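> below is the structure, and that's it, no one-letter string:
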Ligand SMILES: Nc1ncnc2c1ncn2[C@@H]1O[C@H](COP(=O)(O)OP(=O)(O)O)[C@@H](O)[C@H]1O
Ligand SMILES: N[C@@H](CC(=O)OP(=O)(O)O)C(=O)O
């Protein structure tokens, strides 16, 4: 291409090539470019030894960062770039799978980015459409299909067709992803031969989704004359714990990522296009993932790392809504939220945000805006540290299904203090995570979230072991197929919220089995049977957000904080 384009005040010369290959030359993916016929042994070696990433010197560097030896110098540089006028970036723009489902969507997203000429974004992308789900299904099928059938796995064909069609329709050279597709097939053959899919291999397997979407997108931006550079997060300092499938980001990530992105911009300005969801295990040096929906966390981590003005997460809905729209189609966008409200909402099951994604934003005080890539004019939801709560009563209703409720009653062999300590240390030892807790002196009710585990068999084993341990000190009653309905709002008005909620539930003849008000003061959780849960949520949403027969009354001062608030109540 010949024309030049002006973007972020920089004259952008035409680019019709794929992302800088010299930059990729130290990447695992490029080694496959060099030898496209590499066998599944190499692919499996990558997955199993972590050699897909860098070698010993990289490991030593990670260790040094973790020991804090490099941190001082890097932090200093990162801080300099935060405060300086020359800071190259203004915001993160993260696009999820729902925004990247096809070539047409990719074109629209590229136009959307260019339509903000004053922004200097770091772009974070998820995998295209349902690619992550298809990779996981392909991996599961590979375990039992036999090596000779691995190439025929239906989901592998979907993935190949989607990506090859997309590059063709965008006019990009298929070489940007062909090595990945080949390696993916070899990996599935390897899984078929081994007849097992470890968590580590699973992470390596799903990483192909983000690695391909970012390469396609960066190549497309370059093709239309917007200079872009693709990055694999695991290569630019996203260092995590080695908890495959659910890794935590380590502190050393912030200065490393800032340094890498700033330095590259200074030496050769180009929009970074970064893989969401992925990291590098600090001990294994293998690819890790941040849990499903983890690209939101990648986005806020980069936002904090660079001290940006804003992080934008672009979805297929008009912001965070008053309820999951698949349960309540009339759910409305919530214009403002605090980090605490958003975190609670995400933690208790609202799929729209990753549960951990608010942490870096809150720590760095970086506002997060949830926007709709299908409807960019909609204002979306702005998430900040504080907001005007004077008129806020209920913000959103969230449903988390298929949780296990555990009633534990002490056999009085231990005093109360020893009893609670023993119960919680049992969970800690077994690595089981507890969501909602309610206690009395000798009894305890709590919920466990089976979706935290990836394999159903494992859940049963974990639950059996947990029961065995707890029965040494208590009577245990395990109740499965329960749901948590979380009422996120202003708990200053908890009595009013509860009065209304219980009225609705009684009218619907639903018995609440447990209730808990979180210490964060933004959440009241109610536990009901799975079978009744959706009906309850619909009725609650109708009563709090949709009902015409509700009157808006000004609460008398003295309620809650003493400040006036508006609450709909029944006539
Ligand atoms: N309270 C809620 N507000 C908005 N969306 C919600 C809510 N609860 C569930 N969702 C679902 O979350 C989806 C958006 O999240 P997600 O699929 O992770 O987007 P992306 O793939 O773009 O990151 C919506 O399509 C919607 O169905
Ligand atoms: N692709 C990953 C990570 C992610 O964040 O996806 P999305 O933004 O489409 O929810 C997943 O499906 O979990």
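Sure, I can see it. Everything numeric here is computed off the predicted structure, so don't read it as measured data. Ligands and ions are numbered 1, 2, ... in the order given.

> and the end-to-end length of stretch 323-335?
When the termini of stretch 323-335 are compared using C-alpha to C-alpha, to the nearest Å, they are 13 Å apart.

> from the chain's centre, how far out does that stretch sit?
Relative to its parent chain, stretch 323-335 has a centroid offset of 20 Å by C-alpha atoms, centre = their mean, to the nearest Å.

> quick one: contacts of it?
With contact meaning C-beta atoms under 8 Å, 6 or more residues apart in numbering, stretch 323-335 is reached by 317-322, 350-351, 378-382, 395-399, 534, 537-538, 541-542, 545-546. Bear in mind the C-beta positions are built from the backbone N, C-alpha and C, glycine included.

> helices of the stretch 251-400 of the chain, start to end?
In the stretch 251-400 of the chain, the helices defined using DSSP state H, counting those that start in this stretch lie at 253-267, 295-306, 339-347, 358-364.

> most packed of those?
Ranked by mean neighbour count under mean count of other C-beta atoms under 10 Å, the helices of the stretch 251-400 of the chain are led by helix 295-306, which reaches a mean of 29.

> please name every helix or strand in contact with that one.
In terms of contacts (3 or more C-beta pairs under 8 Å, 6 or more residues apart in numbering; DSSP states H and E), helix 295-306 is packed against helix 71-83, strand 91-95, strand 121-125, helix 253-267, strand 271-275, strand 310-315, helix 358-364.

> could you redo the last one with a cut-off of 7 Å?
Judged by 3 or more C-beta pairs under 7 Å, 6 or more residues apart in numbering; DSSP states H and E, the packing partners of helix 295-306 are strand 91-95, strand 121-125, helix 253-267, strand 310-315, helix 358-364.

> and those as JSON lines, adding mean pLDDT and distance to residue 524?
Conversion of the helices and strands packed on helix 295-306 to JSON lines gives the following (pLDDT from 0 to 100; distance: least, C-beta to C-beta, whole Å):
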{"stretch": "strand 91-95", "mean pLDDT": "98", "distance to residue 524": "30"}
{"stretch": "strand 121-125", "mean pLDDT": "98", "distance to residue 524": "33"}
{"stretch": "helix 253-267", "mean pLDDT": "97", "distance to residue 524": "34"}
{"stretch": "strand 310-315", "mean pLDDT": "98", "distance to residue 524": "26"}
{"stretch": "helix 358-364", "mean pLDDT": "97", "distance to residue 524": "19"}
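
> can I get those in TSV including distance to residue 221?
Formatted as TSV, the entries for the helices and strands packed on helix 295-306 read as follows, by distance: least, C-beta to C-beta, whole Å:
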stretch	distance to residue 221
strand 91-95	12
strand 121-125	8
helix 253-267	15
strand 310-315	16
helix 358-364	26
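
> quick one, which of the ones you listed gets closest to residue 421.
Set against residue 421 and scored by C-beta to C-beta, the helices and strands packed on helix 295-306 come closest in helix 358-364, at 27.2 Å.

> quick one: the nearest residue to residue 94 once chain neighbours are set aside from residue 144, how far?
When the adjacent residues along the chain are set aside, residue 94 lies closest to residue 299, with 3.7 Å between them (C-beta to C-beta, 6 or more residues apart in numbering). Here the criterion is C-beta to C-beta, to the nearest Å. By it, residue 299 lies 36 Å from residue 144.

> same question for residue 116.
Relative to residue 144, residue 116 is positioned 48 Å away (C-beta to C-beta).

> ok, these two, which is more surrounded?
Applying other C-beta atoms under 10 Å to residue 116 and residue 144 shows that residue 116 carries more neighbours, namely 16 against 10.

> and that one, what are its phi and psi?
Recorded main-chain torsions at residue 116 are phi -110, psi 80, according to degrees, to the nearest 10.

> just give me the longest helix of the chain.
helix 199-223 (DSSP state H).

> immediately after that one, which helix or strand?
Counting by DSSP states H and E, the element after helix 199-223 in chain order, helix or strand, is strand 228-231.

> narrow the contacts of stretch 323-335 to those in strands?
381-382, 395-399 (DSSP state E).

> dump the residue contacts of whatever residue of the stretch 251-400 of the chain ends up closest to ligand 2.
Scanning the stretch 251-400 of the chain for the residue nearest ligand 2 gives residue 295, at 3.2 Å (criterion: C-beta to the nearest ligand atom). Remark: with contacts taken as C-beta atoms under 7 Å, 6 or more residues apart in numbering, residue 295 is in contact with 94, 96, 124, 126, 276-277.

> so which of those residues wins on neighbours?
For the contacts of residue 295, neighbours tallied by other C-beta under 10 Å; top is residue 124, 33 neighbours.

> distance of that one relative to ligand 2?
Summarising the geometry, the distance separating residue 124 from ligand 2, computed by C-beta to the nearest ligand atom, to the nearest Å, is 9 Å.

> residues contacting the closest residue to that residue other than its chain neighbours?
Using C-beta to C-beta, 6+ apart and skipping the chain neighbours, the partner closest in space to residue 124 is residue 94 (4.1 Å). Residues touching residue 94, when contacts are defined by C-beta under 7 Å, 6+ apart, comprise 124, 276, 295-296, 299, 312-314.

> one more pass at 8 Å, please.
Under the criterion of C-beta under 8 Å, 6+ apart, the contact list for residue 94 reads 123-126, 276, 295-296, 298-299, 311-314.

> which residues does it bridge with?
residue 124, residue 313 (DSSP bridges).

> who touches residue 482 in this structure?
Taking C-beta under 8 Å, 6+ apart as the definition of contact, the neighbours of residue 482 are 403-405, 447, 513, 527-530.

> follow-up on the earlier one: return the member of the ones in strands among the contacts of stretch 323-335 nearest to residue 151.
For the ones in strands among the contacts of stretch 323-335, the closest approach to residue 151 (C-beta to C-beta) belongs to residue 399, at 40.1 Å.

> my guess is that closest one contacts residue 488, does it?
No - in this structure, residue 399 is not within contact of residue 488 by C-beta atoms under 8 Å, at 11.6 Å.

> residues near residue 375, how many?
When neighbours are defined as other C-beta under 10 Å, residue 375 has 12 of them.

> look at it and report its pLDDT.
The predicted structure scores residue 375 at 97 on the pLDDT scale.

> just residue 50 next, same as before
According to the model, residue 50 scores 40 on pLDDT.

> and residue 170, by the same measure?
The score at residue 170 is 98. That number is its pLDDT.

> that one: neighbouring residues, count only.
Using other C-beta under 10 Å as the criterion, the residues surrounding residue 170 number 20.

> where's it relative to ligand 1, distance?
For residue 170, the distance to ligand 1 under the criterion C-beta to the nearest ligand atom works out to 20 Å.
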